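fold the following, please.
(one chain, ligands or ions: 1)
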Amino acid sequence: MRLSRYFLPVLRDVPKEAEIVSHRLMLRAGMIRQQASGLYSWLPLGYKVLMKVQRIIEEEQNRSGAIELLMPTIQSADLWRESGRYDAYGKEMLRIEDRHEREFLYGPTNEEMITDIFRTYVKSYKDLPLNLYHIQWKFRDEVRPRFGTMRSREFLMKDAYSFDLDKDSAVKAYERMFVAYLRTYARMGLTAIPMRADTGPIGGDLSHEWIILAETGESQVFCHRDLLEKPIPPKNVDFRGDLKPIFNDWTSLYAATEEMVDHAEYEAAVPEDKRVSARGIEVGHIFYFGTKYSEPMKASVTGNDGKETVVHMGSYGIGLTRVVPAIIEASHDENGIVWPVSVAPFEAVLINLKAGDADTDAACDKLYGELTAAGLDMLYDDRDQPAGSKFATADLVGIPYQIILGPRGLKTGEVEIKHRKTGERETLPLANVVERVR
Ligand SMILES: Nc1ncnc2c1ncn2[C@@H]1O[C@H](COS(=O)(=O)NC(=O)[C@@H](N)CS)[C@@H](O)[C@H]1O
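All right, here's what the predicted structure looks like:
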């Protein structure tokens, strides 16, 4: 993408309303724009990152055997009356009426709707286990939206729902999602720790929150230091096999949020030098809640004994529009964002040090064409701006590699490459650049 043809409204100074670094940087890097309290537009650069996060989530959900669909954002109130949550959900629920004065709501979550889909079509235990998920905008009328898209009112969530014949099978579904989550966050460059958690309005008795440690996190967490270094299950992990060893390995070390921590237990279980107590950001939350929705909504299958059996369910959420700022909280420096390559809006930026100089323009155009043809997701800063402002923009928006070419380099036939994360620079012949960054 040529920057002279793109839409990247970077800001020079720090917006005063932004209290945390990720909010400041997302505004300055031209990633988001607030439209109203808790409501954001995702501008091109931010949207590109959001879609890279989405693709990783979809790949890992699909690897675990979950099947993607898409449900509407607007839901019928009657559905929520069946589960008894319509009144219980409280002021966070945005209730609306259509022109015929029928009652609807903007979905804060989809347990009722997915259970309605399930009960319509699935009748036999032979169709189980089943895990259906979607990635859809949600609305929760948060009393105090803040920190940009970290806590907004409209937000993008991946929510998956599992259906099983009994609790044992449902726990296996939970373990599959647990392993999928370990892989998902690691691929985004995040260290997300699964912590025993409260179940709240979703319900159930088995639940883990996925927390990344960050000073600006809203919750206080307590865990064993070894959890921060544990190896992640490999790409070829067998999701049809027994995942309990992995689940037990990860849950045998103490980790709990402030709502769940038992300090006596924590101090007994974790040697002093291994205790980590820190602020954390909740980037995901998974639940097993049995028949909480399937019972009142009569979602059952015929078991192999011919008897009608109400199915056991779980739900598994990731807040995509919270993951993006969480990555920035975990990966930035004084010059701006430092994107992991896997979620960077562009893999590399080609910086033309003397736009307008015919030879330099020609060499940069050629190199940009070669890098793009090699399959790199390229940004090309071809603007008629001084070099300093180009370096500042590249550092601010956090592109992993800066490929720098100017008249001097042209003379010696050399290009400089700067690695954004480490600041390392290397000079190499123009002809070797594609191979080096591919
Ligand atoms: N106001 C919000 N702004 C941004 N992200 C949010 C907000 N509320 C929740 N999230 C994200 O959505 C995730 C799941 O939300 S949740 O309430 O814990 N779980 C559910 O809604 C279940 N239905 C999971 S499918 C949270 O872990 C968090 O990452």
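
enumerate the residues of the stretch 201-350 of the chain near the ligand.
The stretch 201-350 of the chain comes close to the ligand at residues 202, 282-285, 315-317, 319, 321-322, as judged by C-beta under 6 Å from any ligand atom. Just so you know, the C-beta spots here come from the backbone N, C-alpha and C atoms, and that holds for glycine as well.

now, which of those residues lie within strands?
282-285, 315-317, 319 (DSSP state E).

re the thing from before, out of the residues of the stretch 201-350 of the chain next to the ligand, flag the one nearest to Glu258.
Proximity of those to Glu258 (C-beta to C-beta) peaks at Glu282, which lies at 11.5 Å.

does that closest one touch Leu213 like I think?
No. With contact defined as C-beta atoms under 8 Å, Glu282 does not count as touching Leu213 (11.5 Å).

circling back to that earlier point, which one of the residues of the stretch 201-350 of the chain next to the ligand is nearest Tyr47?
Looking across these and measuring by C-beta to C-beta, the closest to Tyr47 is Thr321, at 10.6 Å.

wait, the closest one touches Ser152, no?
Yes. Applying C-beta under 8 Å, one finds Thr321 in contact with Ser152, separated by 6.5 Å.

OK, contacts around the nearest residue to Phe139 once chain neighbours are set aside?
Closest residue to Phe139 apart from its sequence neighbours, by C-beta to C-beta, 6 or more residues apart in numbering: Tyr106 at 3.8 Å. Counting by C-beta atoms under 8 Å, 6 or more residues apart in numbering, Tyr106 touches 73-75, 93-94, 96, 138-139.

which two of those residues lie the greatest distance from each other?
It's Ile96 and Lys138 that sit farthest apart of the contacts of Tyr106, by C-beta to C-beta, at 14.6 Å.

okay, these two: which has more neighbours?
Lys138 (20 against 11; other C-beta atoms under 10 Å).

what helix or strand is the closest residue to the more buried one other than its chain neighbours on?
In space, and not counting its chain neighbours, Lys138 is closest to Met157: 5.0 Å by C-beta to C-beta, 6+ apart. If you go by DSSP states H and E, Met157 is part of strand 154-164.

that strand vs the ligand: in contact?
Yes. With C-beta under 6 Å from any ligand atom as the criterion, the ligand is reached by strand 154-164 at 155, 157, 159.

re the thing from before, beta-bridge partners for the residue nearest to Phe139, please?
Counting by DSSP bridges, Tyr106 is bridged to Ile74, Leu94.

and the gap between it and the ligand?
As defined by C-beta to the nearest ligand atom, to the nearest Å, Tyr106 lies at a distance of 13 Å from the ligand.

thinking again about what came up before, what's the burial count for the residue nearest to Lys138?
Met157: 22 neighbours (other C-beta under 10 Å).

just to revisit the earlier point, give the intersection of the neighbour lists for Thr321 and Ser152.
Common contacts of Thr321 and Ser152 (C-beta under 8 Å, 6+ apart): Tyr40.

show me where the stretch 51-200 of the chain has its helices.
77-83, 85-88, 111-121, 167-187 (DSSP state H, counting those that start in this stretch).

and those helices, which one is worst for confidence?
With a mean of 92, helix 85-88 has the lowest mean pLDDT of these.

contacting residues around it?
Under C-beta under 8 Å, 6+ apart, the answer for helix 85-88 is 77, 80, 93, 105, 112, 201.

report how many residues lie close to whichever residue of the stretch 1-150 of the chain sits closest to the ligand.
Here the residue of the stretch 1-150 of the chain nearest the ligand is Thr109; by C-beta to the nearest ligand atom that distance is 3.7 Å. Neighbourhood size, Thr109 [other C-beta under 10 Å]: 20.

what do you get for the one 10 residues further on?
Arg119 is surrounded by 18 other residues when neighbours are defined as other C-beta under 10 Å.

what about it, distance to Leu130?
As judged by C-beta to C-beta, to the nearest Å, Arg119 and Leu130 stand 12 Å apart.

which residues does Arg436 contact?
417, 428.

which ones are touching the closest residue to Gly413 other than its chain neighbours?
Once flanking residues are discounted, Gly413 sits nearest to Leu430: 5.3 Å by C-beta to C-beta, 6+ apart. Counting by C-beta under 8 Å, 6+ apart, Leu430 touches 363, 367, 405, 409, 413-415.

the nearest residue to Leu130 once chain neighbours are set aside bridge partners, please.
Distances taken as C-beta to C-beta, 6+ apart put Phe163 closest to Leu130, at 4.6 Å, once the chain neighbours are dropped. Partner residues in beta bridges with Phe163, using DSSP bridges, are Leu130, Met313.

so Phe163 sits against Pro129, correct?
Yes. In this structure, Phe163 is within contact of Pro129 by C-beta under 8 Å, at 6.8 Å.

so these two - more neighbours on which side?
For Phe163 versus Pro129, the count of surrounding residues by other C-beta under 10 Å is larger for Phe163: 25 against 17.

could you pull out the buried residues of the helix or strand of the chain with the lowest mean pLDDT?
Using mean pLDDT, DSSP states H and E, helix 433-437 stands out as the lowest-scoring helix or strand of the chain, at a mean of 89. Residues of helix 433-437 classed as buried: 433, 437 (neighbour count, 16 or more other C-beta atoms under 10 Å).

who are the contact partners of the residue of the stretch 51-200 of the chain found nearest the ligand?
The nearest approach of the stretch 51-200 of the chain to the ligand comes at Asp159, 3.3 Å away (C-beta to the nearest ligand atom). Shown in contact with Asp159 (C-beta under 8 Å, 6+ apart): 109-110, 133-134, 136, 138, 315-317.

dump those residues to JSON lines, plus distance to Asp249.
As requested, the contacts of Asp159 are arranged in JSON lines below (distance: C-beta to C-beta, whole Å):
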{"residue": "Thr109", "distance to Asp249": "30"}
{"residue": "Asn110", "distance to Asp249": "31"}
{"residue": "Tyr133", "distance to Asp249": "25"}
{"residue": "His134", "distance to Asp249": "30"}
{"residue": "Gln136", "distance to Asp249": "33"}
{"residue": "Lys138", "distance to Asp249": "32"}
{"residue": "Ser315", "distance to Asp249": "24"}
{"residue": "Tyr316", "distance to Asp249": "20"}
{"residue": "Gly317", "distance to Asp249": "23"}
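
many thanks, I have nothing further to ask.
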